[in-house]
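# Okay, predicted coordinates and the sequence, questions at the end:
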Amino acid sequence: MSHERPILTARLVRSVPLSGETKHLEFAVEEVPRFDFTAGQFVSMREPHDGREMTRAYSIASPPRADNTFDLCLNRVLDGFFSNFLCDLAEGARIRFHGPHGYFALKSPVRDSLFIGTGTGIAPLRGMLQWLLADESRHLGREFWLIFGVRYEGDLYYNDEFLQLAREHPTFHYLPTLSRENPGWTGGRGYVQEHVRRLAQGRSDMDAYICGLKDMVLANRDLLKGLGWDKKSILYERFD
Ligand SMILES: Cc1cc2nc3c(=O)[nH]c(=O)nc-3n(C[C@H](O)[C@H](O)[C@H](O)COP(=O)(O)OP(=O)(O)OC[C@H]3O[C@@H](n4cnc5c(N)ncnc54)[C@H](O)[C@@H]3O)c2cc1C
């Protein structure tokens, strides 16, 4: 019996810069009328390079939709093949992938939750929050905090979308946080952990969804555990 995973084809429909080094990509899957997945999952993109088949995981940055589309949010990694290949991909180009994969997904029943992301770690959190907030029967009026950490204001990807969601949903609290000096910035400052600590203290009845690079994920996970949170309440996706 073959255990080969079916390979699908994604056509790049739209490529939009989010900052100098980051792109928002919208794909359509050619083989299916509807591409189904759970918000927070990832796809494995494939491309030959130097005679080898390269595979890289990318979190889906959109919620499941009624059609065959999905979004990615990714940044150029210095000297990295795949991230630069995707950032340079022309609209209309095709790429092979398999998936969806992964267990980074919303828990059920949904509870008050912290969504903690830095940089492109916002990708799966965007999909989860858009899915949750689209329907009262999904969010059940629970409170959600998005603590989104970046260096500079210009790196707050999807900022207008999150501001809009916060205006529409009083139970959704958007806390953008900058770690570098930004003159005129009146929002959160410093590392996401400082804000997580304030929100998480004495609240072990919540869940946390953490996504980003290793050091940030581990720092937040350890912080929550140190505050007495059950490890089953702490879900995370590491990009490295
Ligand atoms: C489950 C999963 C989901 C992922 N989802 C995303 C996503 O939504 N968006 C995204 O941009 N990346 C994501 N990544 C990272 C992605 O798979 C690649 O590692 C990244 O694009 C670098 O690949 P590369 O071939 O360009 O460079 P490589 O030569 O493979 O990587 C060089 C180094 O870059 C570091 N690195 C990895 N990811 C990043 C990053 N995002 N920013 C800065 N440095 C990084 C790693 O330490 C790695 O060793 C995800 C990884 C995993 C495991």
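That came through fine.

# for the ligand, what are the nearby residues on this structure?
Contacts of the chain with the ligand, taken as Cβ under 6 Å from any ligand atom, map to 42, 56-59, 72-75, 77, 80-84, 120, 123, 237, 239-240. All C-beta atoms are positioned from the backbone trio N, CA, C, and that covers glycine.

# Next step: the residues you listed restricted to helices.
Judged by DSSP state H, the subset of those located in helices is 81-84, 123.

# Now render those residues as CSV, adding neighbour count and pLDDT.
Below are these laid out as CSV (neighbours: other Cβ atoms under 10 Å; pLDDT from 0 to 100):
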residue, neighbour count, pLDDT
81, 14, 98
82, 18, 98
83, 20, 98
84, 16, 98
123, 28, 98
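
# Next, the contact list for residue 238, please.
Contacts here follow Cβ atoms under 8 Å, 6 or more residues apart in numbering; on that basis residue 238 touches 211-214, 217.

# buried subset of those residues?
Burial by neighbour count, judged by 16 or more other Cβ atoms under 10 Å, picks out 211-212, 217 from the contacts of residue 238.

# following the worst-scoring helix or strand of the chain on mean pLDDT, which helix or strand comes up?
Least confident helix or strand of the chain, by mean pLDDT, DSSP states H and E, is strand 188-189 with a mean of 92. For strand 188-189, the following helix or strand on the C-terminal side (DSSP states H and E) is helix 192-200.

# export that following helix as PDB, just CAs?
Written as PDB, here are the backbone C-alpha positions of helix 192-200 (Å, rounded to 0.1, in the frame of the first residue of the first chain):
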ATOM      1  CA  VAL A 192       5.000  40.300  24.300                       C
ATOM      2  CA  GLN A 193       5.800  38.400  27.500                       C
ATOM      3  CA  GLU A 194       5.400  41.600  29.600                       C
ATOM      4  CA  HIS A 195       1.800  42.000  28.300                       C
ATOM      5  CA  VAL A 196       1.000  38.200  28.500                       C
ATOM      6  CA  ARG A 197       2.100  38.200  32.200                       C
ATOM      7  CA  ARG A 198      -0.400  41.000  33.100                       C
ATOM      8  CA  LEU A 199      -3.300  39.300  31.200                       C
ATOM      9  CA  ALA A 200      -2.500  35.700  32.300                       C
END
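
# so what does it touch, helix or strand wise?
strand 113-118, strand 144-150, strand 172-178, helix 214-226 (3 or more Cβ pairs under 8 Å, 6 or more residues apart in numbering; DSSP states H and E).

# would you turn those into TSV with mean pLDDT?
As requested, those are exported to TSV (pLDDT from 0 to 100):
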stretch	mean pLDDT
strand 113-118	98
strand 144-150	98
strand 172-178	97
helix 214-226	98
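
# can you tell which of these is closest to residue 20?
Proximity to residue 20 (Cβ to Cβ) singles out strand 144-150 among the helices and strands packed on helix 192-200, at 12.8 Å.

# Contacts for the closest one next, please.
By Cβ under 8 Å, 6+ apart, strand 144-150 touches 112-119, 122, 125, 129, 132-133, 156-157, 162, 171-179, 188, 191-192, 195-196, 199, 212, 216.

# Only the buried members of the residues you listed: can you turn that into a PyMOL selection?
The PyMOL selection below is limited to those of the contacts of strand 144-150 classed as buried (16+ other Cβ under 10 Å):
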select buried, resi 113+114+115+116+117+118+119+122+125+129+132+133+156+157+162+172+174+175+176+177+178+179+188+191+192+195+196+199+212+216
